[in-house]
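Peer 1: Below: sequence and its predicted model.
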Amino acid sequence: MNNRTSMSVPKGASTVRSVSRRLRIAAAVGLGALVAGCAQDAPQNTFDPAGPNAQRIQNLQVPVFIIAGIVGVITLSVIAFVVWRYRDRGQAIPEQTHGKPALEIGLTILPALILIGVAIPTVSTVFALAETDDTECVINVTGQQWWWEVDYPVQDGCGGISAPIVTSGQMVLPVDTPVLVRGTSRDVIHSWWIPRLNGKRDMVPGRVQTNRMQADEPGIYAGQCTEFCGLSHANMRMEVIALEADDFEVWKANQLSDYESPTNELALAGESTFIAQCSRCHQVNGLTDGDGDPIVSRPDLNVYSGAAPNLSYLMTRTTFAGAMFDLLTPECRADVWEAPPDEFGERYLEGVTPECLNRVQLREWLRNSPAEKPMYTDPNELAATNGLPRGMPYLALSEGQIDELVAYLLERK
Amino acid sequence: MFTTGTKFLVGATVVSIIVTIVYGVTQDGVMGTVGLISASVALAMVTGVNLFTRDANIFVDDEAAVATCPASRPAPGPSPWPLLFAIGAFAMVLGLVTVEPMFIIGIVVMFAGGAEWTAQAWAERASSSTAHNSEVRSRIANPIEYPIGGAAIIGVIAYSFSRIMLWLSKINVVIVFSVVGACILAAAFFFAYRPNVKRSVMVGTMSVAGVALVAGGVVTGLDGERDIHVLETAQGEAAAGLCEDPEKTEADSKAAQTVAAQASVAAEITLNDDGKLTKRLNGPAESSALTLPRSNPSNVLFRNESSEKRRLSVDLGETEIGADSIDTERIQVCTALVEEGGVQNITLNIGPPSNSVEGGYFFFVPGVESAVLELIVP
Ligand SMILES: [Cu+2]
């Protein structure tokens, strides 16, 4: 009994103070949330569509957002009014009634009507976005921890592709062309989302999922994996690069061009280092051994997901390691990313030049990749995956070997 | 007069004095005797203090206090928890020398018993009213007891059920559980329509059912599961030369059960009446060859529109075998034989790219020359 009475004693001042403090915190949080919505540089803005698919979503989400906003404001206002108007002022408890059929039925039918009104355009948009028959070009993406592989099947679409093209992190596509992305995963569920081009699509092992892509203007459209997929989920990014049709032809021709042997001594040394250290995982098309036999990488035997990026034309992309790092120095990067649409293609097709190469980052990667990007590569902790790493392991390269490899990789374009 | 503590201490002092004397007489050795004498003296002193303070209890003439003093409280009722705790401890120790699960069960039981014991001991000291004490105990313990107890009961029921089901043969499972289900339904109806049936009848029925279930679970669990038959698949038989065999084999008989129902198809390949292979993909597929991703399982559906039973085979080139790499072996995978108009799934997971082997990869249909389709793996 004693504690009961003692509990009601300290009251008053401190309660008032804590209320006003809570109000202040709430105000700060609210303001923060509001300000966060005003980012200037937001490349992943779903409210800024850059193609017909994203535009469809925009045409749906804006009216739905407005309707939901109006309903929300009305509901909250009524609640606020009732709470204030009928607050406890010591008045007698009013007469208790039960049921008011007209009101109840009305308040059931009204929301149902609103929901039907929202459902019709929603469902039709869902179906329109699932359409595949009108696409003119197929690009496969395959997610794995923690990067996207992009490959172009042999086809008549995309202006004709005679041999498969394999790249990673960046999906290059022709502008104004309805492209069908056929995606899957090699390990866990990932999700492909380029917010300015379309909604997201989960990429599920064992299933082939589709996602339409179409960009109105040349440029870079950024995205990132949106299904939690483990350690480096946050570092699993991707970019869609839209090029004018003729630029796309140039890009394609380059991706199918023959292997060029290194032109200088350092790079030549790099080639043998690459064969010794890297080519068990990484494919470089056209690379041959002493007998002239093609060197075939076997990531299926060396990496848990069964894949590692194809490095044949590494320097034609501008980012690497799941688009997490720039292959370009900051100045050169700005040149490409901020190029006006009519100049973009030319700048992108330059690829990575010796002056523009972000040597520091590439060297760091080769020096100790797991230190740059969290991956499961510690040989002592790979029992669960039969000793196979998830990601690129630490390879204990010397600085000299790194020099050679950078020189060799710089010519892969 | 003598309180509990005093009784204990007087007893201990007497025992220690006797032990000291016996030890001193029978054993020689000064140190032991000195130690025991010290212990006796110490105990005697503590006993004296205790007698003087009356076990920290109240004076007999303080009537108001007598009514509320611990000694006048109702004696604690019998409690199962110390027993449970002891069983747990026993199981734990037994587990150390026998099997690990026993050890874990022991620890769990010990903790459960200990927690209950603690809660009860604490509640029994809450007031002098037994009713209030038991209410206090319920308030603190029930929110934990009910969910955990409920989960444990459900766990035991589900586990026993599963043991019985896995022990029975496939067909008997259906029969037994149809009957059991019907009985449960009937009993439920009976009790629902006769609400004033005796409580003891209900409890009895439930207990019999519960005991039968658990006993059945234990017996069948110890006896082990039935043999679960693994079906032969075309993929499993591929090594035995099945892929070039146009005849029906064992793997062909239950072929439909090899389709992975959860997976979706990457492409559909049809053997047409004219003996040609055509392919269909989701979306545009204008090209003569089929491209499938590298080192990732892809499902390809084979549809047989020809007028004979056929299988779809895939040739993945040659591989060198033997230490000296002189011999080569063709690598092939295939579907089971497909009836006219039927479909079959084949899952392909190909490591090396198609340009790494002479002649590339291709689909073919044994017995139909013209049915060939190039397979590209980037
Ligand atoms: Cu991911």
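Peer 2: All right, it came through fine.

Peer 1: OK, now which residue of chain B is nearest to the ion?
Peer 2: residue B:296 (15.0 Å; CB to the ion). C-beta here means a position set from N, CA and C on the backbone, and glycine is covered the same way.

Peer 1: List, one by one, the residues from chain A near the ion.
Peer 2: Residues of chain A that fall close to the ion, judged by CB under 5 Å from the ion: A:190, A:225, A:229, A:236.

Peer 1: which of those has the most neighbours?
Peer 2: residue A:190 (32 neighbours; other CB atoms under 10 Å in any protein chain shown).

Peer 1: That residue pairs with what?
Peer 2: With DSSP bridges as the criterion, residue A:190 is bridged to residue A:203.

Peer 1: quick one, what contacts it?
Peer 2: Applying CB atoms under 8 Å, 6 or more residues apart in numbering or on different chains to residue A:190 gives the contacts A:143-144, A:148, A:202-203, A:225, A:227, A:229, A:236.

Peer 1: What's the separation between the closest residue to the residue of chain B closest to the ion other than its chain neighbours and residue A:145?
Peer 2: Closest residue to residue B:296 apart from its sequence neighbours, by CB to CB, 6 or more residues apart in numbering or on different chains: residue A:186 at 5.0 Å. In this structure, residue A:186 and residue A:145 are 8 Å apart, going by CB to CB, to the nearest Å.

Peer 1: what touches both of the two?
Peer 2: Shared contacts of residue A:186 and residue A:145, defined by CB under 8 Å, 6+ apart, are found at residue A:305.

Peer 1: Name the helix or strand for the residue of the stretch 301-413 of chain A found nearest chain B, please.
Peer 2: Among all residues of the stretch 301-413 of chain A, residue A:306 sits closest to chain B, at 3.5 Å; criterion: CB to the nearest CB. Counting by DSSP states H and E, no helix or strand carries residue A:306.

Peer 1: In chain B, what residue spans correspond to helices?
Peer 2: Shown for chain B, the helices assigned by DSSP state H span residues B:4-26, B:30-53, B:63-68, B:81-97, B:100-124, B:130-167, B:170-193, B:199-223, B:234-237, B:250-253.

Peer 1: Reformat the ones you listed as a markdown table; add mean pLDDT, distance to the ion and mean neighbour count.
Peer 2: As requested, these are exported to a markdown table (pLDDT from 0 to 100; distance: least, CB to the ion, whole Å; neighbours: other CB atoms under 10 Å in any protein chain shown):
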| stretch | mean pLDDT | distance to the ion | mean neighbour count |
| --- | --- | --- | --- |
| helix B:4-26 | 87 | 68 | 15 |
| helix B:30-53 | 87 | 70 | 14 |
| helix B:63-68 | 65 | 68 | 11 |
| helix B:81-97 | 91 | 43 | 15 |
| helix B:100-124 | 90 | 37 | 16 |
| helix B:130-167 | 89 | 35 | 14 |
| helix B:170-193 | 90 | 41 | 11 |
| helix B:199-223 | 90 | 41 | 13 |
| helix B:234-237 | 67 | 29 | 18 |
| helix B:250-253 | 70 | 37 | 17 |
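
Peer 1: out of the ones you listed, nearest to residue A:275?
Peer 2: The minimum distance between residue A:275 and the helices of chain B falls on helix B:234-237, with 34.5 Å, by CB to CB.

Peer 1: ok, residue B:28 - how many residues close by?
Peer 2: As a burial measure, residue B:28 scores 8 neighbours (other CB under 10 Å).

Peer 1: May I have the phi/psi pair for it?
Peer 2: Main-chain dihedrals, residue B:28, degrees, to the nearest 10: phi -100, psi 150.

Peer 1: burial measure for the closest residue to the ion within the stretch 1-150 of chain A, as a count.
Peer 2: Closest to the ion within the stretch 1-150 of chain A is residue A:143: 5.4 Å, counting by CB to the ion. Applying other CB under 10 Å, we find 30 residues neighbouring residue A:143.

Peer 1: And the one 4 residues further on, by the same measure?
Peer 2: Residue A:147 has 28 neighbours, counted by other CB under 10 Å.

Peer 1: And for residue A:369?
Peer 2: 18.

Peer 1: Please see if the host helix or strand of residue A:125 touches chain B.
Peer 2: Assigned by DSSP H and E, residue A:125 belongs to helix A:101-130. No: contact between helix A:101-130 and chain B is absent, the nearest approach being 10.4 Å (criterion: CB under 8 Å from any CB of the partner chain).

Peer 1: Whatever helix or strand comes next after that helix pairs with which strands?
Peer 2: Next in sequence after helix A:101-130, counting helices and strands by DSSP H and E, comes strand A:137-144. For strand A:137-144, the paired strands and their directions (DSSP bridges) are strand A:147-152 (antiparallel), strand A:179-185 (parallel).

Peer 1: For residue A:398, which of those strands is the nearest?
Peer 2: For the strands paired with strand A:137-144, proximity to residue A:398 was assessed by CB to CB; strand A:147-152 is nearest, at 26.2 Å.

Peer 1: tell me the contacts of the residue lying closest to residue B:111 once chain neighbours are set aside?
Peer 2: Nearest non-adjacent residue to residue B:111, counting by CB to CB, 6+ apart: residue B:88, 7.4 Å away. By CB under 8 Å, 6+ apart, the residues touching residue B:88 are B:106-114.

Peer 1: ok now do residue A:78, which residues does it touch?
Peer 2: By CB under 8 Å, 6+ apart, residue A:78 has no neighbours at all.

Peer 1: element containing it, please.
Peer 2: helix A:52-85.

Peer 1: Which residues are in contact with the residue in the stretch 301-413 of chain A that the ion sits nearest to?
Peer 2: Taking CB to the ion as the measure, the stretch 301-413 of chain A has residue A:322 as its residue closest to the ion, at 8.6 Å. Each residue near residue A:322 by CB under 8 Å, 6+ apart is listed here: A:146-148, A:169, A:232, A:235-238, A:373.

Peer 1: Spatially, what comes nearest to residue A:260 if we skip its sequence neighbours?
Peer 2: Leaving aside its sequence neighbours, residue A:260 sits nearest to residue A:411 (CB to CB, 6+ apart; 6.6 Å).

Peer 1: which residues touch that neighbour?
Peer 2: A:260, A:262-263, A:267, A:315.

Peer 1: The residue nearest to residue A:312 when sequence neighbours are not counted and residue A:253: what is the separation?
Peer 2: Leaving out its chain neighbours, the residue that sits closest to residue A:312 by CB to CB, 6+ apart is residue A:285, at 4.3 Å. Going from residue A:285 to residue A:253 by CB to CB gives 14 Å.
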